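Novice: Okay, here's the prediction I keep looking at, along with the sequence it came from:
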Amino acid sequence: MEHYKVLALGFVSLILLLPSLWLVSANMEGDALHSLRTSLQDPNNVLQSWDPTLVNPCTWFHVTCNNDNSVVRVDLGHAALSGTLVPQLGLLKNLQYLELYSNNISGVIPSDLGNLTSLVSLDLYLNRFSGPIPDTLGKLSKLRFLRLNNNSLSGPIPMSLTNISSLQVLDLSNNHLSGVVPDNGSFSLFTPISFANNLDLCGPVIGRPCPGSPPFSPPPPFAPPC
Ligand SMILES: *[C@@H]1O[C@H](CO)[C@@H](O)[C@H](O)[C@H]1NC(C)=O
Ligand SMILES: *[C@@H]1O[C@H](CO)[C@@H](O)[C@H](O)[C@H]1NC(C)=O
Ligand SMILES: *[C@@H]1O[C@H](CO)[C@@H](O)[C@H](O)[C@H]1NC(C)=O
Ligand SMILES: *[C@@H]1O[C@H](CO)[C@@H](O)[C@H](O)[C@H]1NC(C)=O
Ligand SMILES: *[C@@H]1O[C@H](CO)[C@@H](O)[C@H](O)[C@H]1NC(C)=O
(Lines give C-alpha, C1' and ligand atoms only; values in the text may rest on other atoms or scores of the structure.)
(Ligands and ions follow the chains in the order given, each with its own letter.)
Protein backbone atom coordinates (compact mmCIF):
# COMPACT_ATOMS: atom_id res chain seq x y z
CA MET A 1 0.00 0.00 0.00
CA GLU A 2 2.73 2.47 1.08
CA HIS A 3 4.81 1.60 -2.01
CA TYR A 4 1.88 2.29 -4.24
CA LYS A 5 1.42 5.76 -2.67
CA VAL A 6 5.09 6.67 -3.10
CA LEU A 7 5.01 5.55 -6.73
CA ALA A 8 1.82 7.47 -7.43
CA LEU A 9 3.23 10.60 -5.82
CA GLY A 10 6.42 10.28 -7.87
CA PHE A 11 4.41 9.89 -11.04
CA VAL A 12 2.20 12.91 -10.29
CA SER A 13 5.18 15.15 -9.51
CA LEU A 14 6.90 14.07 -12.74
CA ILE A 15 3.77 15.00 -14.73
CA LEU A 16 3.69 18.39 -12.98
CA LEU A 17 7.42 19.01 -13.46
CA LEU A 18 7.77 18.12 -17.17
CA PRO A 19 6.02 21.20 -18.62
CA SER A 20 8.02 23.54 -16.38
CA LEU A 21 11.30 21.93 -17.53
CA TRP A 22 10.17 22.45 -21.11
CA LEU A 23 9.30 26.11 -20.41
CA VAL A 24 12.69 26.75 -18.84
CA SER A 25 14.51 25.46 -21.92
CA ALA A 26 12.20 27.37 -24.31
CA ASN A 27 12.71 30.57 -22.33
CA MET A 28 16.49 30.26 -22.47
CA GLU A 29 16.43 31.33 -26.13
CA GLY A 30 14.01 34.19 -25.40
CA ASP A 31 16.27 35.32 -22.56
CA ALA A 32 19.32 35.22 -24.85
CA LEU A 33 17.55 37.36 -27.47
CA HIS A 34 16.25 39.70 -24.78
CA SER A 35 19.85 40.24 -23.60
CA LEU A 36 20.65 41.24 -27.18
CA ARG A 37 17.75 43.70 -27.15
CA THR A 38 19.01 45.36 -23.96
CA SER A 39 22.50 45.70 -25.49
CA LEU A 40 21.26 47.45 -28.67
CA GLN A 41 19.96 50.95 -29.39
CA ASP A 42 16.84 50.68 -31.53
CA PRO A 43 15.67 54.12 -32.74
CA ASN A 44 13.03 52.62 -35.09
CA ASN A 45 11.57 50.26 -32.43
CA VAL A 46 12.01 47.17 -34.60
CA LEU A 47 12.48 45.14 -31.38
CA GLN A 48 9.29 46.40 -29.73
CA SER A 49 7.59 42.99 -29.93
CA TRP A 50 10.49 41.27 -28.10
CA ASP A 51 8.55 40.70 -24.86
CA PRO A 52 10.54 38.47 -22.44
CA THR A 53 7.39 37.53 -20.43
CA LEU A 54 6.03 35.39 -23.32
CA VAL A 55 6.69 31.60 -23.03
CA ASN A 56 8.99 31.67 -26.10
CA PRO A 57 10.28 34.19 -28.65
CA CYS A 58 8.52 32.52 -31.60
CA THR A 59 5.86 35.24 -32.02
CA TRP A 60 8.40 38.09 -31.94
CA PHE A 61 8.94 40.03 -35.18
CA HIS A 62 12.23 39.25 -37.01
CA VAL A 63 12.50 35.86 -35.22
CA THR A 64 11.64 32.51 -36.86
CA CYS A 65 11.31 29.18 -35.00
CA ASN A 66 11.13 25.53 -36.06
CA ASN A 67 8.28 23.16 -35.05
CA ASP A 68 9.94 22.61 -31.65
CA ASN A 69 9.73 26.34 -30.86
CA SER A 70 13.49 26.74 -31.16
CA VAL A 71 14.89 29.81 -32.95
CA VAL A 72 16.25 29.15 -36.47
CA ARG A 73 16.43 32.70 -37.90
CA VAL A 74 17.09 36.22 -36.66
CA ASP A 75 16.50 38.74 -39.48
CA LEU A 76 17.56 42.24 -38.50
CA GLY A 77 19.32 43.52 -41.63
CA HIS A 78 19.07 47.25 -42.36
CA ALA A 79 17.31 48.09 -39.09
CA ALA A 80 19.34 51.15 -37.90
CA LEU A 81 20.53 49.24 -34.82
CA SER A 82 23.65 50.29 -32.89
CA GLY A 83 25.27 49.03 -29.70
CA THR A 84 27.03 45.67 -29.26
CA LEU A 85 26.32 41.93 -29.56
CA VAL A 86 26.11 39.69 -26.46
CA PRO A 87 27.81 36.31 -25.80
CA GLN A 88 24.39 34.80 -24.98
CA LEU A 89 23.69 34.60 -28.74
CA GLY A 90 25.83 31.44 -28.56
CA LEU A 91 22.92 29.72 -26.75
CA LEU A 92 20.69 29.65 -29.87
CA LYS A 93 21.70 26.08 -30.69
CA ASN A 94 19.41 25.64 -33.71
CA LEU A 95 20.07 29.06 -35.26
CA GLN A 96 20.71 28.78 -39.01
CA TYR A 97 20.58 32.42 -40.16
CA LEU A 98 21.99 35.38 -38.24
CA GLU A 99 21.30 38.41 -40.43
CA LEU A 100 22.51 41.67 -38.90
CA TYR A 101 23.93 43.39 -42.00
CA SER A 102 23.67 47.16 -42.68
CA ASN A 103 23.38 48.44 -39.15
CA ASN A 104 25.75 50.42 -36.94
CA ILE A 105 26.66 47.62 -34.52
CA SER A 106 30.11 48.02 -32.91
CA GLY A 107 32.39 46.14 -30.50
CA VAL A 108 33.81 42.66 -31.02
CA ILE A 109 32.26 39.59 -32.67
CA PRO A 110 31.67 37.34 -29.60
CA SER A 111 33.73 34.13 -29.75
CA ASP A 112 30.57 32.36 -28.48
CA LEU A 113 29.14 32.61 -32.03
CA GLY A 114 31.39 29.60 -32.69
CA ASN A 115 28.92 27.56 -30.58
CA LEU A 116 26.16 28.05 -33.19
CA THR A 117 26.94 24.76 -34.93
CA SER A 118 23.70 24.80 -36.99
CA LEU A 119 24.56 28.16 -38.56
CA VAL A 120 24.30 28.32 -42.37
CA SER A 121 24.67 32.07 -42.83
CA LEU A 122 26.48 34.69 -40.75
CA ASP A 123 25.93 38.13 -42.24
CA LEU A 124 27.52 40.93 -40.22
CA TYR A 125 28.63 43.07 -43.19
CA LEU A 126 28.27 46.88 -43.23
CA ASN A 127 28.54 47.52 -39.50
CA ARG A 128 31.26 48.88 -37.21
CA PHE A 129 32.64 45.67 -35.72
CA SER A 130 36.26 45.87 -34.54
CA GLY A 131 38.79 43.47 -33.04
CA PRO A 132 39.66 40.02 -34.42
CA ILE A 133 37.67 37.44 -36.38
CA PRO A 134 37.18 34.78 -33.66
CA ASP A 135 39.11 31.57 -34.22
CA THR A 136 36.04 29.68 -32.92
CA LEU A 137 34.12 30.44 -36.15
CA GLY A 138 36.10 27.51 -37.61
CA LYS A 139 33.73 25.22 -35.64
CA LEU A 140 30.74 26.29 -37.79
CA SER A 141 30.84 23.17 -39.95
CA LYS A 142 27.53 23.89 -41.75
CA LEU A 143 28.32 27.49 -42.65
CA ARG A 144 27.80 28.40 -46.34
CA PHE A 145 27.79 32.22 -46.22
CA LEU A 146 30.27 34.24 -44.16
CA ARG A 147 30.09 37.94 -44.93
CA LEU A 148 32.00 40.24 -42.58
CA ASN A 149 32.92 42.90 -45.16
CA ASN A 150 32.81 46.67 -44.51
CA ASN A 151 33.65 46.64 -40.81
CA SER A 152 36.85 47.55 -38.90
CA LEU A 153 38.04 44.01 -38.15
CA SER A 154 41.78 43.65 -37.51
CA GLY A 155 44.35 40.91 -36.96
CA PRO A 156 44.85 37.73 -39.01
CA ILE A 157 42.37 35.58 -40.93
CA PRO A 158 42.00 32.51 -38.64
CA MET A 159 43.43 29.36 -40.25
CA SER A 160 40.51 27.47 -38.63
CA LEU A 161 38.17 28.89 -41.31
CA THR A 162 39.85 26.65 -43.92
CA ASN A 163 38.21 23.73 -42.09
CA ILE A 164 34.66 24.80 -43.03
CA SER A 165 34.20 22.54 -46.05
CA SER A 166 30.63 23.80 -46.72
CA LEU A 167 31.76 27.43 -47.16
CA GLN A 168 30.59 28.82 -50.52
CA VAL A 169 30.59 32.60 -50.13
CA LEU A 170 33.23 34.51 -48.19
CA ASP A 171 33.57 38.29 -48.05
CA LEU A 172 36.16 39.81 -45.74
CA SER A 173 36.80 42.88 -47.92
CA ASN A 174 37.00 46.46 -46.59
CA ASN A 175 38.39 45.73 -43.12
CA HIS A 176 41.80 46.23 -41.43
CA LEU A 177 42.95 42.59 -41.61
CA SER A 178 46.63 41.67 -41.90
CA GLY A 179 48.85 38.62 -42.39
CA VAL A 180 48.72 35.70 -44.79
CA VAL A 181 45.56 34.79 -46.72
CA PRO A 182 45.08 30.99 -46.39
CA ASP A 183 44.91 29.11 -49.71
CA ASN A 184 44.11 25.56 -48.60
CA GLY A 185 40.90 23.75 -47.62
CA SER A 186 37.72 25.72 -48.31
CA PHE A 187 39.87 28.77 -49.18
CA SER A 188 41.02 27.18 -52.45
CA LEU A 189 37.68 28.46 -53.91
CA PHE A 190 38.11 32.13 -53.12
CA THR A 191 39.58 34.90 -55.27
CA PRO A 192 41.16 38.27 -54.33
CA ILE A 193 37.69 39.90 -54.36
CA SER A 194 36.92 38.21 -51.01
CA PHE A 195 39.92 39.96 -49.41
CA ALA A 196 40.05 43.34 -51.19
CA ASN A 197 40.86 46.60 -49.44
CA ASN A 198 42.37 45.46 -46.16
CA LEU A 199 45.24 46.92 -44.18
CA ASP A 200 48.04 44.47 -44.84
CA LEU A 201 47.14 41.05 -46.25
CA CYS A 202 49.66 39.01 -48.25
CA GLY A 203 50.25 35.60 -49.84
CA PRO A 204 49.83 33.85 -53.20
CA VAL A 205 46.01 34.25 -53.24
CA ILE A 206 46.32 38.03 -53.57
CA GLY A 207 49.70 37.98 -55.36
CA ARG A 208 51.62 39.90 -52.73
CA PRO A 209 54.64 38.30 -50.99
CA CYS A 210 54.55 38.21 -47.18
CA PRO A 211 57.45 39.99 -45.42
CA GLY A 212 60.28 37.57 -44.66
CA SER A 213 59.01 34.89 -47.03
CA PRO A 214 60.69 34.18 -50.40
CA PRO A 215 59.26 36.18 -53.34
CA PHE A 216 57.21 34.27 -55.94
CA SER A 217 59.98 34.62 -58.61
CA PRO A 218 63.72 34.88 -57.93
CA PRO A 219 65.21 38.42 -58.02
CA PRO A 220 67.47 39.33 -60.99
CA PRO A 221 71.12 38.34 -60.39
CA PHE A 222 73.45 41.05 -59.12
CA ALA A 223 75.63 42.37 -61.94
CA PRO A 224 78.79 44.12 -60.69
CA PRO A 225 79.76 47.31 -62.62
CA CYS A 226 82.73 46.94 -64.97
C1 LIG B 1 24.97 54.77 -38.92
O2 LIG B 1 24.90 55.94 -38.14
C3 LIG B 1 25.11 57.14 -38.90
C4 LIG B 1 25.03 58.32 -37.94
O5 LIG B 1 25.80 58.06 -36.81
C6 LIG B 1 24.05 57.27 -39.98
O7 LIG B 1 24.30 58.40 -40.78
C8 LIG B 1 24.06 56.02 -40.85
O9 LIG B 1 22.99 56.08 -41.77
C10 LIG B 1 23.91 54.76 -40.01
N11 LIG B 1 24.05 53.61 -40.86
C12 LIG B 1 23.18 52.62 -40.88
C13 LIG B 1 23.48 51.51 -41.85
O14 LIG B 1 22.20 52.56 -40.16
C1 LIG C 1 30.41 28.39 -25.92
O2 LIG C 1 31.33 27.30 -25.79
C3 LIG C 1 32.41 27.59 -24.91
C4 LIG C 1 33.38 26.43 -25.01
O5 LIG C 1 32.72 25.21 -24.95
C6 LIG C 1 31.87 27.82 -23.52
O7 LIG C 1 32.92 28.11 -22.63
C8 LIG C 1 30.89 28.99 -23.56
O9 LIG C 1 30.30 29.19 -22.29
C10 LIG C 1 29.80 28.74 -24.58
N11 LIG C 1 28.97 29.94 -24.69
C12 LIG C 1 27.66 29.94 -24.57
C13 LIG C 1 26.97 31.26 -24.69
O14 LIG C 1 27.02 28.92 -24.35
C1 LIG D 1 32.30 49.11 -48.49
O2 LIG D 1 33.44 49.88 -48.26
C3 LIG D 1 34.06 50.38 -49.46
C4 LIG D 1 35.34 51.09 -49.05
O5 LIG D 1 35.13 51.99 -48.04
C6 LIG D 1 33.08 51.30 -50.18
O7 LIG D 1 33.66 51.75 -51.38
C8 LIG D 1 31.82 50.50 -50.50
O9 LIG D 1 30.87 51.36 -51.10
C10 LIG D 1 31.24 49.91 -49.22
N11 LIG D 1 30.14 49.06 -49.57
C12 LIG D 1 28.88 49.45 -49.40
C13 LIG D 1 27.84 48.48 -49.89
O14 LIG D 1 28.58 50.48 -48.85
C1 LIG E 1 40.90 21.57 -38.56
O2 LIG E 1 40.16 20.46 -38.07
C3 LIG E 1 40.97 19.40 -37.61
C4 LIG E 1 40.07 18.24 -37.28
O5 LIG E 1 39.03 18.65 -36.43
C6 LIG E 1 41.79 19.90 -36.43
O7 LIG E 1 42.62 18.87 -35.95
C8 LIG E 1 42.65 21.07 -36.87
O9 LIG E 1 43.34 21.62 -35.75
C10 LIG E 1 41.79 22.16 -37.48
N11 LIG E 1 42.65 23.19 -38.07
C12 LIG E 1 42.65 24.44 -37.63
C13 LIG E 1 43.62 25.36 -38.28
O14 LIG E 1 41.89 24.84 -36.75
C1 LIG F 1 45.62 24.69 -43.95
O2 LIG F 1 46.99 24.84 -43.61
C3 LIG F 1 47.23 25.14 -42.24
C4 LIG F 1 48.73 25.22 -42.03
O5 LIG F 1 49.32 26.06 -42.98
C6 LIG F 1 46.65 24.06 -41.35
O7 LIG F 1 46.81 24.44 -39.99
C8 LIG F 1 45.17 23.87 -41.63
O9 LIG F 1 44.65 22.81 -40.87
C10 LIG F 1 45.00 23.58 -43.11
N11 LIG F 1 43.58 23.43 -43.40
C12 LIG F 1 43.09 22.34 -43.99
C13 LIG F 1 41.61 22.33 -44.20
O14 LIG F 1 43.77 21.41 -44.34
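Specialist: That came through, no problem. Numbers count the residues shown, from 1 in each chain. Ligands and ions are numbered 1, 2, ... in the order given.
Novice: near ligand 5, which residues of this protein?
Specialist: Within the chain, the positions near ligand 5 by CB under 6 Å from any ligand atom are 159, 162-163, 182, 184-185. Glycine gets a C-beta too; all of them are placed from N, C-alpha and C.
Novice: Spell out the secondary structure type for the closest residue to H78 other than its chain neighbours.
Specialist: Nearest residue to H78, sequence neighbours excluded (CB to CB, 6 or more residues apart in numbering): S102, at 4.2 Å. The three-state label given to S102 by DSSP: H, G, I helix; E, B strand; the rest coil is coil.
Novice: and S102, how many neighbours?
Specialist: Residues near S102, counting by other CB atoms under 10 Å, number 17.
Novice: one step back: which one of the residues of the chain next to ligand 5 is nearest I206?
Specialist: Closest approach to I206 among the residues of the chain next to ligand 5 (CB to CB): P182, at 11.3 Å.
Novice: Return the helix or strand in the chain with minimum mean pLDDT.
Specialist: helix 2-39 (a mean of 67; mean pLDDT, DSSP states H and E).
Novice: and the next element down the chain from that helix?
Specialist: Sequence-wise, the next helix or strand downstream of helix 2-39 (DSSP states H and E) is strand 40-41.
Novice: Rounded mean pLDDT for that following strand, please.
Specialist: Mean pLDDT, computed over strand 40-41, is 98.
Novice: counting contacts, what elements does it pack onto?
Specialist: If you count contacts as 3 or more CB pairs under 8 Å, 6 or more residues apart in numbering; DSSP states H and E, strand 40-41 packs onto strand 82-84.
Novice: so, in contact with ligand 1 or not, the strand it packs on?
Specialist: No: Strand 82-84 lies apart from ligand 1 when judged by CB under 6 Å from any ligand atom; the minimum separation is 6.8 Å.
Novice: Quick one, grab the pLDDT at the residue of the chain found nearest ligand 2.
Specialist: In the chain, the residue that lies nearest ligand 2 is G90 (3.2 Å; CB to the nearest ligand atom). Looking at G90, its pLDDT is 98.
Novice: which residues does it contact?
Specialist: Residues near G90 by CB atoms under 8 Å, 6 or more residues apart in numbering: 110, 112-116.
Novice: Before I go, just wanted to say thanks for your time.
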